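Chemist: Here is a sequence with its predicted model. Questions after.
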Amino acid sequence: MTERFFLYDDLEDTKTRFVSFMGENQRFDLALVRSDRYYGKQLVLDIQGSRFAIIGTDDLEEEGYLEHAFQLEYEDAEELRAFLYEVI
C-alpha cells in the first residue's frame, strides 16, 4: 500500500452556533462554523437539507448564490439571506 499524501491536515479551534428558525414555508436548522480557515467567511451547514456553503457578505450579495447552494426557492432564500446578513 502506498503512503497517503495529505494536502493538509490541520487542527483548528472553531466556534459553532446552532440555530433553528421557522420561515414562511420551511424550517431552517443551521450550524454556523467560524474559524480562521475561510478568510472571514463562515461555513454554513443546512443540517436537515444536507447542504453546506462557505459564505461571506459578498456571497450574500451574489444573485442566485443561496438558491443554488441550498437548493431553495427565491422566497426561502430571501429569508435565509436576511438571517445570514444579521449573523455574518
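Modeler: Great, that's in hand. Note that this is a predicted model, so its numbers are computed, not measured. Residues are numbered from 1 along each chain as shown.

Chemist: Residue nearest the middle of this protein, spatially speaking?
Modeler: residue 44 (1.7 Å; C-alpha atoms, centre = their mean).

Chemist: For the residue lying closest to that residue once chain neighbours are set aside, list the residues it contacts.
Modeler: Nearest non-adjacent residue to residue 44, counting by C-beta to C-beta, 6 or more residues apart in numbering: residue 55, 5.0 Å away. Placement of C-beta: from N, CA and C, glycine included. Neighbour list for residue 55: 41-44, 69, 84, 88 [criterion: C-beta atoms under 8 Å, 6 or more residues apart in numbering].

Chemist: Could I get the pLDDT score of residue 55?
Modeler: The per-residue pLDDT reported for residue 55 equals 98.

Chemist: Please renumber the chain so that the first residue is 144 from this point on.
Modeler: Sure, I'll start counting at 144 from here, so that last one is residue 198.

Chemist: coming back round to it: now for whichever strand or helix holds the residue nearest to the centre of the chain, which elements pack on it?
Modeler: Counting by DSSP states H and E, the element that carries residue 187 is strand 185-189. Packing partners of strand 185-189 (3 or more C-beta pairs under 8 Å, 6 or more residues apart in numbering; DSSP states H and E): strand 170-177, strand 194-198.

Chemist: Can you give the strand pairings for the shortest one, parallel or anti for each?
Modeler: It refers to strand 194-198. Strand pairing for strand 194-198, using DSSP bridges, gives strand 185-189 (antiparallel).

Chemist: Can you check what angle separates the partner strand from strand 170-177?
Modeler: Orientation of strand 185-189 against strand 170-177 (axes from the mean of the first three to the mean of the last three C-alpha atoms, to 10 degrees) gives an angle of 150 degrees.

Chemist: pLDDT averaged over strand 185-189, what's the number?
Modeler: pLDDT averaged over strand 185-189 gives 98.
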